[in-house]
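*Asks:* The sequence isn't on hand, but the structure is:
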């Protein structure tokens, strides 16, 4: 199996690369990890892939326990068969869930050339990206592209500086590499109550169109906090101490 694919499957299904290439089926509890899609609360309860005759599954603790017990000795070769999917669907009803999507994907065993003669492929960079601002086809992805472009440029600047980044920027693995190359990363950790107060009246693109912004902020914090905790070199809690004491704490930790 392709090494890049093995690495990504290990991240997507919260396991080790050796487990992906083993013969045993793999069942893990979903954990937000760097480099994998971060699902919102209630967006995805179970994710399953079948490759090389084995089953890879990751999901909520109670659901994955049932899936493990039911399918641990099954072959993944025919998991997409209608009968197996009916069995899965019936079991998910116990958790008030149902199958939302099922897709067959075929992975080539050899590299092949793609004929693009009938397509126009363009790469947009810098100020060219501005033409897509406000385009509903891109939404938050537009702002994330601008962030990556900016942090990449900053990573080549040797001047010492303090850089403040958006809450979503560190979730992208490529951005983490740029930040790590620049120096010490400090996680300014705020409680849900603190963040809700700070973002009151905010036009943050992540919160656009959200009816219950407080609930959305709580969900995002729950998803992102484990990534921040693992990624940061230093962590300080904000919204509790006066500003000057917070600065003193950061300075002390930087000296340690």
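*Replies:* That came through, no problem. This is a predicted model, so every value here is computed, not measured.
*Asks:* use CA for all of it now, contacts and neighbours both
*Replies:* Fine.
*Asks:* I'd assumed residue 48 was in a helix, is it?
*Replies:* No: when DSSP: H, G, I helix; E, B strand; the rest coil is applied, residue 48 is found to be strand, with no helix at that position.
*Asks:* correct me, but it touches residue 58?
*Replies:* Yes: contact status for residue 48 versus residue 58: in contact at 6.6 Å, counting by Cα atoms under 8 Å.
*Asks:* more crowded one of these two?
*Replies:* A direct count of neighbours by other Cα atoms under 10 Å for residue 48 and residue 58 places residue 58 higher, at 25 against 15.
*Asks:* Show me where this protein dips below the pLDDT cut-off.
*Replies:* For the chain, the stretches with pLDDT under 70 are 33-43, 106-109, 136-140, 205, 209.
*Asks:* which residues of it fall in helices?
*Replies:* Using DSSP state H, the helices of the chain run over 3-12, 17-21, 61-71, 82-92, 140-154, 173-182, 192-198, 213-231, 243-255.
*Asks:* Reformat those helices as TSV; add distance to residue 116 and mean neighbour count.
*Replies:* Output for the helices of the chain, formatted as TSV (distance: least, Cα to Cα, whole Å; neighbours: other Cα atoms under 10 Å):
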stretch	distance to residue 116	mean neighbour count
helix 3-12	24	16
helix 17-21	33	16
helix 61-71	42	15
helix 82-92	36	14
helix 140-154	24	16
helix 173-182	27	16
helix 192-198	47	14
helix 213-231	38	16
helix 243-255	51	12
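*Asks:* And those: which comes nearest residue 30?
*Replies:* Comparison of the helices of the chain against residue 30 by Cα to Cα identifies helix 61-71 as nearest, at 7.6 Å.
*Asks:* what's that closest one packed up against?
*Replies:* Applying 3 or more Cα pairs under 8 Å, 6 or more residues apart in numbering; DSSP states H and E, one finds that helix 61-71 contacts strand 26-29.
*Asks:* Ok, which of the helices of the chain comes nearest residue 132?
*Replies:* Proximity to residue 132, assessed across the helices of the chain by Cα to Cα, is greatest for helix 140-154 (7.2 Å).
*Asks:* Which other helices and strands does the closest one contact?
*Replies:* helix 173-182.
*Asks:* How about residues contacting the helix it packs on?
*Replies:* Helix 173-182 is contacted by residues 34-35, 148, 151-152, 155, 169-170, 185, 231 when judged by Cα atoms under 8 Å, 6 or more residues apart in numbering.
*Asks:* Show me the one of the helices of the chain that comes nearest residue 160.
*Replies:* With Cα to Cα as the criterion, residue 160 lies closest to helix 173-182 of those, at 8.9 Å.
*Asks:* quick revisit: closest one of the contacts of helix 173-182 to residue 100?
*Replies:* Nearest to residue 100 among the contacts of helix 173-182: residue 35, at 23.2 Å, using Cα to Cα.
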